[in-house]
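> this is a predicted model, with the sequence first.
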Amino acid sequence: MTTDAFKGYKGKALDCLKKFHVRVWSDAVVKTTRGDFEGIILPRSENDDERHIVLKLITGYNVGVAVHTITGMDERGYKEAHYKIPEKEFPYSEKLPNVKLFGTGGTIASRLDYRTGAVIPAFSPGELYGAVPELADICNLKTEKLFAVFSENMGPDQYKKLAVCIGEEIKKGVDGILIGHGTDTMHHTATALSYMVQDSPVPIVVVGSQRSSDRPSSDAALNLIHGTKAAAESDIAEVMVCMFGPTSNEYGLLHRGTRVRKMHSSYRSTFRTVGDIPMAMINREKITPLKTGYKKRRQDHNVKITPCFEEKVTLLYYYPNMMPDMIDAIVDNGYKGIVIAGTGLGHINKPLYPAIERATKKGVAIYMTVQTLWGYTHMFVYDTGRDLMAKGIVPLDNMLPEVAYIKLGWALGQTSDLAEVEKIMKTPISDDITEREPCNGYLVFQGGIPVVEEFLKSVHK
């Protein structure tokens with residue numbers, strides 16, 4: 001057999017494949033001391049170890065089999081797979097709304113590169129229609145790949161370009177905007193667009209997936225269906241994030257862009273509205289608003305685009321015994337704004353006070369949020385808070401720390417007048433600050449407590 005038959009394998013794993021005359025991409029039965037496994041032998045990543053052989057089981061999941069447990073291997077068939085998403089021409093109907101999908105990267109439509117083990121974004125109307133044909137029943141879809149980056153590489157340059165492109169599409173008369181995005185910083189981008197794209201006449205929906213399209217448990221297709229439906233049919237003309245509601249596929253949720261946060265590293269129901277309730281529930285059949293008072297869809301093509309951002313802004317998460325040189329170093333490096341996620345009602349330790357004074361005297365804008373996420377800064381309750389306000393720190397009520405960071409960059413991108421910056425920061429936009437939090441918003445079902453377990457069994461079987 002040629003070396004191509006053993007793509008990526010080395011050492012003991014390579015010796016094992018050669019011993020039993022089994023190739024990569026073969027349909028094989030692997031006999032082990034722990035039982036038999038049947039599936040397709042997959043290539044290995046170039047950086048993986050030599051102690052395992054990887055199988056894609058008939059369930060669709062991949063499993064690594066330790067070489068030292070293998071007692072035999074039988075090749076039953078062979079068919080090399082490339083995992084390319086099939087393309088079909090996306091149909092057009094005059095009766096359906098027109099949606100523009102901007103691609104930034106992420107796993108909303110993707111394939112797996114087995115050479116590196118990386119998920120590679122795949123993106124075109126044809127690919128999306130081939131993967132999720134239900135989209136053609138919802139809208140006429142056009143796509144444009146603006147970026148092909150993982151979400152950790154999204155930043156101010158991408159926010160600004162995305163905002164400008166959204167504005168151009170709205171002026172052309174599109175009925176809805178959809179943005180495919182990686183989930184890790186999706187809430188940052190949604191926040192940035194909430195400020196840079198205001199008074200939109202159509203929905204702007206950011207959507208992604210926690211699990212790539214090649215996995216049986218992928219949420220990509222359903223999130224894409226829900227997001228497309230929201231962009232095409234919803235009367236909520238705001239920036240929203242659309243992702244799974246529960247971790248099952250019962251429904252999705254539409255979250256306001258300034259009040260949403262990724263709360264779990266791997267759950268499909270990772271996004272939660274914080275300090276409020278979601279805007280709406282969504283499934284294949286209908287959209288059910290949960291809130292009133294949102295901005296509604298209009299027939300005009302007017303929108304306000306303000307693509308500004310000062311990059312010398314930072315978010316500082318306070319911890320006990322934080323040293324003043326942290327603040328001094330930030331200021332010495334030319335930063336113009338600092339958002340602090342403080343403890344409790346908005347507190348930091350006394351050793352930082354002199355550094356705070358030095359920073360504000362140099363014209364650095366400093367704002368306080370709370371690292372509890374839920375709740376408000378109340379800096380007038382204790383001496384600590386009152387002292388910090390006297391030194392120039394401005395509290396931001398219940399604005400989320402990441403939202404405050406994005407808003408401060410956007411505000412300083414427009415003006416260096418600190419009084420004007422404060423006016424922008426304290427003026428609510430898209431409910432980034434609310435008068436009160438809902439009594440039914442902050443609910444935590446703490447597992448293991450008998451009364452909670454009984455309640456969950458009775459309402460969600």
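Now that the structure is in, tell me what you want to look at.

> from now on I want contacts and neighbour counts done on CA atoms only, so please keep to that.
OK.

> distance of the closest residue to residue 219 other than its chain neighbours from residue 164?
Once flanking residues are discounted, residue 219 sits nearest to residue 209: 5.6 Å by C-alpha to C-alpha, 6 or more residues apart in numbering. Distance, residue 209 to residue 164, by C-alpha to C-alpha, to the nearest Å: 25 Å.

> the residue nearest to residue 219: which element?
Residue 209 belongs to no helix or strand when assigned by DSSP states H and E.

> give me the pLDDT for it.
Reported pLDDT at residue 209 in the predicted model: 89.

> more neighbours: which of residue 209 and residue 164?
Each of residue 209 and residue 164 has its neighbours counted (other C-alpha atoms under 10 Å); residue 209 has more, 27 against 17.

> surely that one is in contact with residue 222?
No - using C-alpha atoms under 8 Å as the test, residue 209 is too far from residue 222 to be in contact (9.1 Å).

> any idea how many residues pack against residue 252?
25.

> for the residue nearest to residue 219, give me the backbone phi and psi.
phi -150, psi 150 (degrees, to the nearest 10).

> worst-scoring helix or strand of this structure, pLDDT-wise?
strand 118-121 (a mean of 52; mean pLDDT, DSSP states H and E).

> if I pick residue 197, what's in contact with it?
163, 166, 167, 303, 304, 305, 306, 307 (C-alpha atoms under 8 Å, 6 or more residues apart in numbering).

> and the residue nearest to residue 219, how close does it get to residue 289?
The gap separating residue 209 from residue 289 is 22 Å, by C-alpha to C-alpha.

> how about the strands of the stretch 1-150 of the chain, start to end?
26-32, 35-41, 52-57, 62-66, 70-78, 98-103, 110-113, 118-121, 140-145 (DSSP state E, counting those that start in this stretch).

> just the stretch 351-461 of the chain next, same as before
Secondary structure of the stretch 351-461 of the chain (DSSP E, counting those that start in this stretch): strands at 365-370, 394-395.

> hey, which of the ones you listed is tucked in deepest?
The highest mean neighbour count among those, using mean count of other C-alpha atoms under 10 Å, belongs to strand 365-370: a mean of 28.

> quick one: strands adjacent to that one?
strand 337-342 (parallel), strand 394-395 (parallel) (DSSP bridges).

> among the ones you listed, which is the most enclosed?
Most buried of the strands paired with strand 365-370, by mean neighbour count (mean count of other C-alpha under 10 Å): strand 337-342, with a mean of 25.

> hmm, who's touching it?
Against strand 337-342 from outside (C-alpha under 8 Å, 6+ apart): 312-318, 348, 364-371, 401, 404-405, 408-409, 412.

> disregarding residues adjacent in the polypeptide, which is nearest to residue 78?
Nearest residue to residue 78 in three dimensions, chain neighbours excluded: residue 26, at 4.1 Å (C-alpha to C-alpha, 6+ apart).

> what's the burial count for the one you found?
Counted with other C-alpha under 10 Å, residue 26 comes out at 21.

> pLDDT score assigned to it?
Predicted confidence (pLDDT) for residue 26: 88.

> and residue 96, by the same measure?
Here the pLDDT value assigned to residue 96 is 97.

> so what's the nearest residue to it once chain neighbours are set aside up against?
Spatial nearest neighbour of residue 96, excluding adjacent residues (C-alpha to C-alpha, 6+ apart): residue 139 at 5.0 Å. Each residue near residue 139 by C-alpha under 8 Å, 6+ apart is listed here: 93, 96, 97, 98, 99, 228, 229, 232.

> any idea how far the third one is from residue 287?
If I follow you right, that is residue 97. 16 Å.

> then the fourth one?
In this structure, residue 98 and residue 287 are separated by 18 Å, where distance is defined by C-alpha to C-alpha.

> returning to what we had before: and the gap between the residue nearest to residue 219 and residue 229?
For residue 209, the distance to residue 229 - C-alpha to C-alpha - is 16 Å.

> mind jotting down where the helices sit in this structure?
For the chain, applying DSSP state H gives helices covering 11-19, 125-131, 156-172, 186-196, 220-233, 324-332, 353-361, 383-390, 401-412, 418-426, 450-459.
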